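> Return atomic coordinates for the entry below.
(one chain, ligands or ions: 1)
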Amino acid sequence: MRRHAASSLLNSACRGGAYKALAISHAARPSIPLVARLSTSGRRFSESPLAQPTNHEIQRSPELPSSRIDDKKVVLGWDTTTYSRFHHIWLRDHCRCPHCFHPHTKQRLVNTFEIPPEIKPTHVESKPEGLEVHWPSSQPHTSIYPWSWLRYNSYDPPMMQPPKPERILWGSKILQDPPTVTHEEAMASDDSGLFKWLSYVDKFGFCFISGVPATPEATEELSRRIGFIRETQYGTFWDFTSDLAKGDTAYTTLALGAHTDTTYFTDPCGLQLFHLLEHTGGTGGATLLVDGFYVASILKELHPEAYELLSTVPVPTHAAGEADALFAPNTANTPVLKHEAGELVQVRWNNDDRSVLRDLRPDQVEPWYDAIRTWYKLLTSPDSEYWVQLSPGTAVVVDNQRVLHGRSAFDGKRRMCGAYIGMDEYRSKLAVLKEKFAPDPVTQDTAATSSVNGRSIWHPAL
Ligand SMILES: [Zn+2]
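Okay, here's the model as predicted:
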């Protein structure tokens, strides 16, 4: 049963390398030049003469949605059976005219607290470009909201969910065709290779970069393509050998089981990029990668009670090997499997860094130990473990909140370098690249008319 479940996931991950075509299908799209600016009326944005129609524009029926004013809400009829209602106060607060919303900084200018609670439009009108709303005021005020934006943000009822990241879970068979980009692609100035690279990280939780010059300088430059390097007690960009320069087992020649780093941070490091620069006079030191989300999916299917315990019992952690640092934040007392809105979003697992377990009920102690035993068995199964012998020239970047890493013991001299990059910095970079290479439907619909400083004022993230 487990084997079957596992192999079907693997098949979907590895079948003919099809995921690669999927991941880069948008990469070749030309970007849309966005040179809109404020019109003289100061209320609308002039349409860019350079704007090109795109293939993915939102399809509208020839008839516009209907609009009418209710006691507390504006009611839009998308068709004869589908309606959305927007509170008057909500619409007024979300006006994006240049008086109410700074088109360059994308920040609210309207003073929300000066809007009368009982505000009500004097008139609404369905226009091709969107819903036009006229507000009572000593100075007349008109707002316009694009249809695609209203549909996306409909909350009464909710109509559209933000797209979920497309994740491909993998096991040991990923070795047949692991996600890889070349150093040339990653560094290319048009950023299409960077988009491909970060899209792989988004889907698989890791990616190799081949052909990297085996120097700390080139590796640091590669790291900074993604974002700021996150400084920790191990330094900014690190470059180390097994000399126990820092009080952590990473600085030894010992084998390290699959783990995530910095479990003892409130916000564990997002990405880790590392590069083996040199290994001479010895053997061993193979790199281990395990997809924590894949293993969690098997645990959930086969041992739901264990999954529940790993998702709820807080696990305190610490880093205390350096005399001048003591990390043991209460806020890090999150479970091994962290969820948001029912979705697994983070795996935090390093049994070596675990502190005293005391935030659980007495009757949970034995079941919890049974649960981590099961988790450990799945993590270390040959079906889950992806072993790879790295050599100078191939760097790897790992999503430290999803993919666990480890290594086998070694002898000889092994020099590693690398960096951490914050999760928010990485996600920001990926979001910017998506705007360029794979824009969302609302951005596509509004970019030509409402872009200021290269970003639509109606971008769904705002
Ligand atoms: Zn306004």
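
> what number of residues lie near Leu344?
Per other C-beta atoms under 10 Å, the neighbour tally for Leu344 reads 18. Using the backbone N, CA and C atoms, a C-beta is placed for each residue, glycine as well.

> Show me what the strand or helix carrying it is packed against.
Element membership of Leu344 [criterion: DSSP states H and E] is strand 343-347. The helices and strands touching strand 343-347, judged by 3 or more C-beta pairs under 8 Å, 6 or more residues apart in numbering; DSSP states H and E, are helix 292-302, strand 337-340.

> For that strand, list the C-alpha coordinates in PDB.
Extracted C-alpha coordinates of strand 343-347, given in PDB (Å, rounded to 0.1, in the frame of the first residue of the first chain):
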ATOM      1  CA  GLU A 343      -2.200  23.000   4.500                       C
ATOM      2  CA  LEU A 344       1.200  21.700   5.500                       C
ATOM      3  CA  VAL A 345       3.500  24.700   5.100                       C
ATOM      4  CA  GLN A 346       6.700  23.800   7.100                       C
ATOM      5  CA  VAL A 347       8.600  20.900   8.300                       C
END
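
> now the helix or strand just after that strand: how far from the chain's centre is it?
Using DSSP H and E, the helix or strand that follows strand 343-347 towards the C-terminus is helix 365-379. Offset of helix 365-379 from its chain centre (C-alpha atoms, centre = their mean, to the nearest Å): 28 Å.

> roughly how far is stretch 264-275 from the heart of the chain?
Averaging C-alpha positions (C-alpha atoms, centre = their mean) puts stretch 264-275 14 Å from its chain's average.

> Using CSV, write out every CA atom in stretch 349-357.
In CSV, the C-alpha atoms belonging to stretch 349-357 read as follows (Å, rounded to 0.1, in the frame of the first residue of the first chain):
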residue,chain,number,x,y,z
TRP,A,349,12.9,18.6,12.2
ASN,A,350,16.3,18.2,13.9
ASN,A,351,16.3,15.6,16.6
ASP,A,352,19.8,16.8,17.7
ASP,A,353,18.5,20.3,18.6
ARG,A,354,15.5,19.2,20.5
SER,A,355,15.1,20.6,24.0
VAL,A,356,13.2,19.2,27.0
LEU,A,357,9.8,18.0,26.0
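
> Outside of that stretch itself, list whatever touches it.
Stretch 349-357 is contacted from outside by 249, 257-261, 263-264, 292, 315-319, 328, 336, 365, 368, 372, 375-376, 379, 404, using C-beta atoms under 8 Å, 6 or more residues apart in numbering.

> next one: stretch 455-462
Outside stretch 455-462, the residues that touch it by C-beta under 8 Å, 6+ apart are 34, 45, 96, 101, 103, 106, 146, 148-149, 152-153, 162, 431, 435, 440, 442-443, 445-447, 450-451.

> filter the residues you listed down to the ones close to the ion.
Restricting these to those touching the ion (C-beta under 5 Å from the ion) yields no residues.

> For Ala218, which three-state class applies?
helix (DSSP: H, G, I helix; E, B strand; the rest coil).

> contacting residues for it?
Applying C-beta under 8 Å, 6+ apart, we find Ala218 in contact with His183, Val212.

> Compute the first-to-last residue distance for stretch 117-137.
14 Å (C-alpha to C-alpha, to the nearest Å).

> my guess is Ser408 meets Ala286, correct?
Yes: using C-beta atoms under 8 Å, Ser408 is in contact with Ala286, at 4.6 Å.

> Give me the common contacts of these two.
Trp387.

> Can you show me the strands along the stretch 51-200 of the chain?
Per DSSP state E, counting those that start in this stretch, the stretch 51-200 of the chain carries strands over the ranges 66-69, 73-77, 83-87, 101-102, 107-108, 123-127, 130-135, 141-145, 180-182.

> Sorry, wrong one. I was asking about the stretch 201-350 of the chain.
In the stretch 201-350 of the chain, the strands defined using DSSP E, counting those that start in this stretch lie at 206-210, 238-240, 256-259, 271-280, 287-291, 337-340, 343-347.

> Now distance to the ion and mean pLDDT too, for the ones you listed, in JSON lines please.
JSON lines is the format used below for these (distance: least, C-beta to the ion, whole Å; pLDDT from 0 to 100):
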{"stretch": "strand 206-210", "distance to the ion": "44", "mean pLDDT": "98"}
{"stretch": "strand 238-240", "distance to the ion": "50", "mean pLDDT": "89"}
{"stretch": "strand 256-259", "distance to the ion": "52", "mean pLDDT": "94"}
{"stretch": "strand 271-280", "distance to the ion": "40", "mean pLDDT": "95"}
{"stretch": "strand 287-291", "distance to the ion": "48", "mean pLDDT": "97"}
{"stretch": "strand 337-340", "distance to the ion": "33", "mean pLDDT": "96"}
{"stretch": "strand 343-347", "distance to the ion": "36", "mean pLDDT": "96"}
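
> which of these sits most buried?
A comparison of those by mean neighbour count, using mean count of other C-beta atoms under 10 Å, puts strand 287-291 on top with a mean of 24.

> Find me the pLDDT at Asp248, would you?
Per-residue confidence at Asp248 stands at 68 (pLDDT).

> ok, back up a step: out of the strands of the stretch 201-350 of the chain, nearest to Leu299?
Of all the strands of the stretch 201-350 of the chain, strand 337-340 sits nearest to Leu299, with 8.4 Å by C-beta to C-beta.

> For Asp440, list the residues it contacts.
With contact set as C-beta under 8 Å, 6+ apart, Asp440 has these partners: Pro163, Lys434, His459, Pro460.

> Between these, which sits nearest Gln233?
The shortest approach to Gln233 among the contacts of Asp440 belongs to Lys434, at 33.3 Å (C-beta to C-beta).

> OK, contacts around the closest one?
Lys434 makes contacts with Phe195, Asp440, as judged by C-beta under 8 Å, 6+ apart.

> Could you do His259 as well?
If you count contacts by C-beta under 8 Å, 6+ apart, His259 has them with Trp349, Asn350, Asn351, Asp352, Asp353, Leu404, His405, Gly406.

> residues from the protein in reach of the ion?
By C-beta under 5 Å from the ion, the residues of the chain that approach the ion are Cys95, Cys97, His99, Cys100.

> list the contacts for the residue in the stretch 151-300 of the chain positioned nearest to the ion?
Of all residues in the stretch 151-300 of the chain, Asn153 sits closest to the ion, at 16.6 Å by C-beta to the ion. Each residue near Asn153 by C-beta under 8 Å, 6+ apart is listed here: Pro460.

> Look at the residue in the stretch 201-350 of the chain positioned nearest to the ion and say how many residues are nearby.
Here the stretch 201-350 of the chain gets closest to the ion at one residue, Ala341, 32.0 Å apart by C-beta to the ion. Other residues within reach of Ala341, judged by other C-beta under 10 Å, total 5.

> And the pLDDT at it?
For Ala341, the model assigns a pLDDT of 90.

> is the closest residue to His94 other than its chain neighbours in a bridge, and if so with what?
Nearest residue to His94, sequence neighbours excluded (C-beta to C-beta, 6 or more residues apart in numbering): Tyr145, at 7.3 Å. Per DSSP bridges, residues listed as beta-bridge partners of Tyr145: Leu131.

> gap between stretch 399-411 and the chain center?
So, by C-alpha atoms, centre = their mean, the centroid of stretch 399-411 is 21 Å from its chain's centroid.
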